[in-house]
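Visitor: Got a sequence here, can you model it:
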Amino acid sequence: QVQLVESGGGLVQAGGSLRLSCAASGGTIHNIKTMAWYRQAPGKQRELVASITSVGSGSTNYANTVKGRFTISRDNAKNTVYLQMSSLKPEDTAVYYCLSIHGDSPPMAYWGQGTQVTVSS
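Guide: Predicted structure coming up:
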């Protein structure tokens, strides 16, 4: 069974920065194809923040709301994905979840437990 452990959340003032980490272990971590960060604010649906593939230099994708402020990166040797968040806004307040997608047959996806990010105005 794959486990994803997130860390790095917390309380920060608007304009500040945080870096989230998500470490994968167990199961078929050797077969991770994509890792991503999602977030869910109170009363809202979970939404994609950013994703990165595990092949080559890693193809990235960002939600329009975070482009230019957030950067996703990965360390394949450590099976870890990072989310550097800068110029944070109160509307970035949410629980942030890590997701890994594995190239199993059938493909499998795993979620982390989430980490709270709160941005004060």
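Visitor: Tell me who's in contact with the residue most central in space within the chain.
Guide: What sits nearest the mean C-alpha location of the chain, by Cα atoms, centre = their mean, is Trp37, with 2.5 Å. Contacts here follow Cβ atoms under 8 Å, 6 or more residues apart in numbering; on that basis Trp37 touches 20, 22, 48-51, 72, 81, 83, 96-99. All C-beta atoms are positioned from the backbone trio N, CA, C, and that covers glycine.
Visitor: looking at this, it is in a strand?
Guide: Yes: secondary structure assignment places Trp37 in a strand (DSSP: H, G, I helix; E, B strand; the rest coil).
Visitor: May I ask which helix or strand encompasses the nearest residue in space to it that is not next to it in sequence?
Guide: On the basis of Cβ to Cβ, 6 or more residues apart in numbering, the spatially nearest residue to Trp37 that is not a chain neighbour turns out to be Val49, at 4.4 Å. For Val49, the element it lies in under DSSP states H and E is strand 47-53.
Visitor: Worst mean pLDDT across the helices and strands of this protein, which element?
Guide: Sorted by mean pLDDT, DSSP states H and E, the helices and strands of the chain end with strand 108-111, the least confident at a mean of 93.
Visitor: next structured bit after that one?
Guide: Moving toward the C-terminus from strand 108-111, the next element (DSSP H and E) is strand 115-120.
Visitor: And that next one, how far out from the chain middle?
Guide: Centroid displacement of strand 115-120 relative to its chain, using Cα atoms, centre = their mean, to the nearest Å, is 14 Å.
Visitor: Could you tell me how many residues sit around the residue nearest to Ser51 when sequence neighbours are not counted?
Guide: In space, Ser51 comes closest to Ala36 once its chain neighbours are excluded; the distance is 3.7 Å by Cβ to Cβ, 6+ apart. Ala36 sits with 22 neighbouring residues when counted by other Cβ atoms under 10 Å.
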